[in-house]
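Asker: Here is a sequence with its predicted model. Questions after.
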Amino acid sequence: MANKEYYEKRTEELLMPIIEENGYDLWDVEYVREGSNWYLRAYIDKPGGFTVNDCELVSRKLSDLLDKEDFIESSYILEVSSPGLGRRLKKDRDFEKSIGKDVDLKLFEAVDGLKEFTGTLKAFDKDTVTIGFSDDSDKDIARKNISLIKLSLDF
C-alpha cells in the first residue's frame with residue numbers, strides 16, 4: 001500500500017472512535033499535495049450540520065492522536081471541515097448516503113453527445129451509476145467514465 005493510502009486509512013482508524021462518540025459521520029479523509037505543502041484533510045458531517053465547535057473538537061483530538069502515533073513521515077497541514085453542500089461522492093458509502101439526491105456528473109468521454117449530466121442518483125454498483133431524470137428516464141453510466149460526481153446545488 002502506498003504511503004498516501006496508508007496515511008488516509010490509518011487516519012480514518014484514529015478518527016472513528018471520535019466520530020462514533022460524538023454522533024458524527026465521516027465523509028472522507030484525503031492526504032494531498034498542493035503546491036509545496038501536504039494536507040491531511042478530514043471531512044465530517046452530522047445531522048443538522050457540522051459547526052465550528054465540532055470542527056475544533058475533532059481537530060484537537062485527532063491532532064493529539066496523530067502526534068502520539070507519528071506515522072506520517074513528512075510535515076503536513078491538518079484540516080478538519082464539513083464536506084460542504086456540493087460534496088464529492090467518492091466511496092460506496094458516499095453513494096449510499098446520496099441515493100435519491102440530485103447529483104452533477106462530469107464524464108471523461110461523452111455519452112449520447114454529452115459530458116455533463118444532472119439528475120437523481122437512483123442506484124449504483126461497482127461498475128455503474130444510475131441517474132434518473134425529470135422525464136422519468138434513467139441512464140446507466142460506467143463509473144470508470146465519471147471524472148467527477150457531486151451533490152447538486154439547487155438554490
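Answerer: That came through fine. Bear in mind that the values here come from a model prediction, so they are computed numbers and not experimental data.
Asker: Pull the contacting residues for the residue nearest to R87 when sequence neighbours are not counted.
Answerer: Spatial nearest neighbour of R87, chain neighbours left out: L151 (5.3 Å); criterion: CB to CB, 6 or more residues apart in numbering. For every residue, glycine as well, the C-beta is placed using N, CA and C. Listed by CB atoms under 8 Å, 6 or more residues apart in numbering, the contact set of L151 reads 85-87, 89, 98, 101-104.
Asker: can you list the weak-confidence ranges in this protein?
Answerer: For the chain, applying pLDDT under 70 flags the ranges 1, 155.
Asker: okay if I get the contacts of L151 as JSON lines plus distance to I18, neighbour count and secondary structure?
Answerer: Putting the contacts of L151 into JSON lines (distance: CB to CB, whole Å; neighbours: other CB atoms under 10 Å; DSSP: H, G, I helix; E, B strand; the rest coil) gives the following:
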{"residue": "L85", "distance to I18": "23", "neighbour count": "11", "secondary structure": "coil"}
{"residue": "G86", "distance to I18": "25", "neighbour count": "11", "secondary structure": "coil"}
{"residue": "R87", "distance to I18": "20", "neighbour count": "17", "secondary structure": "coil"}
{"residue": "L89", "distance to I18": "23", "neighbour count": "25", "secondary structure": "coil"}
{"residue": "S98", "distance to I18": "23", "neighbour count": "18", "secondary structure": "helix"}
{"residue": "K101", "distance to I18": "26", "neighbour count": "11", "secondary structure": "coil"}
{"residue": "D102", "distance to I18": "31", "neighbour count": "15", "secondary structure": "strand"}
{"residue": "V103", "distance to I18": "29", "neighbour count": "21", "secondary structure": "strand"}
{"residue": "D104", "distance to I18": "31", "neighbour count": "16", "secondary structure": "strand"}
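Asker: count of residues packed around the nearest residue to D127 once chain neighbours are set aside?
Answerer: Nearest residue to D127, sequence neighbours excluded (CB to CB, 6+ apart): R143, at 6.0 Å. R143 has 13 neighbours, counted by other CB atoms under 10 Å.
Asker: Mind naming the longest helix for this structure?
Answerer: Secondary structure assigned by DSSP state H gives helix 3-22 as the longest helix of the chain.
Asker: picking up where we left off before, pretty sure the residue nearest to D127 is touching I131, no?
Answerer: No: using CB atoms under 8 Å, R143 is not in contact with I131; the gap is 11.9 Å.
Asker: Tell me the residues that contact both of those two, please.
Answerer: Here R143 and I131 share no contacting residue, scored by CB under 8 Å, 6+ apart.
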